[in-house]
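Novice: need a structure here:
(one chain, ligands or ions: 1)
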Amino acid sequence: MAKRAAGLVIFRKIGEQIQYLLLRASYGDFHWSSPKGHVDPGEDDFTTALRETKEEAGYSEEDLIIFRDKPKILNYNVKGKSKVVIYWLAQLRDSSKEPILSDEHTEMKWLTKDAAKEIVGYKDNQEMIDEFHEYILSSS
Ligand SMILES: Nc1ncnc2c1ncn2[C@@H]1O[C@H](COP(=O)(O)OP(=O)(O)OP(=O)(O)OP(=O)(O)OP(=O)(O)OC[C@H]2O[C@@H](n3cnc4c(N)ncnc43)[C@H](O)[C@@H]2O)[C@@H](O)[C@H]1O
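Specialist: Purely as a prediction, here's the structure:
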């Protein structure tokens, strides 16, 4: 069975600029991603996304406006095993509230769409950022 994870693609608005939160893993290839993590047995995906966001960025559901109707699903292989990751888009209500990192990450950045796409590197993740970005623009 595929490994399953869930998380939130978090953005904030600074004036007219939209910035995405990316966290750098403290292990493996030190990759950058949105807050997310493994779905525990019996846990639903959305609960995982909220739990991991709290653990990895310090944000609670109350800190965020979550666009629940538009999840995106990424499928890729990690060490030869398939992995499914479900992401929801979420806006930080208080743009001045900075994340609190756990020991799973060493660094954070708020990045414009193009910089966020560059740092995540993977095509499917880049396409997801593009799609979420279009959604933000079309709904604001
Ligand atoms: N490798 C590791 N070494 C040591 N401790 C670890 C570890 N992974 C997790 N842990 C630890 O395990 C514990 C439980 O973590 P927990 O967060 O509960 O579970 P998890 O499933 O390991 O969490 P993530 O899904 O966030 O893991 P990840 O960052 O490895 O996954 P990603 O898919 O981004 O990345 C996995 C790989 O896929 C690559 N990747 C990411 N996105 C894509 C993509 N779109 N396409 C192709 N490859 C991708 C990444 O570059 C990376 O190489 C924590 O304490 C954590 O610190």
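
Novice: can we go C-alpha only for contacts and neighbour counts from here?
Specialist: Will do.

Novice: what's in contact with the lengthiest helix in the chain?
Specialist: Longest helix of the chain, by residue count under DSSP state H: helix 123-138. Contact partners of helix 123-138, identified using C-alpha atoms under 8 Å, 6 or more residues apart in numbering, comprise 72, 74, 89, 113, 116-118, 120.

Novice: Which member of the residues you listed is positioned nearest the ligand?
Specialist: Using C-alpha to the nearest ligand atom, Leu74 comes nearest to the ligand of those, at 6.4 Å.

Novice: how far away is Gly42 from the ligand?
Specialist: 14 Å (C-alpha to the nearest ligand atom, to the nearest Å).

Novice: so that residue, which of the three states?
Specialist: Assigned state for Gly42: coil (three-state reduction, DSSP: H, G, I helix; E, B strand; the rest coil).

Novice: Phi and psi next, for it.
Specialist: Main-chain torsions, Gly42, degrees, to the nearest 10: phi 80, psi -10.

Novice: For Thr48, see how far away it is.
Specialist: Separation of Gly42 from Thr48 (C-alpha to C-alpha, to the nearest Å) stands at 10 Å.
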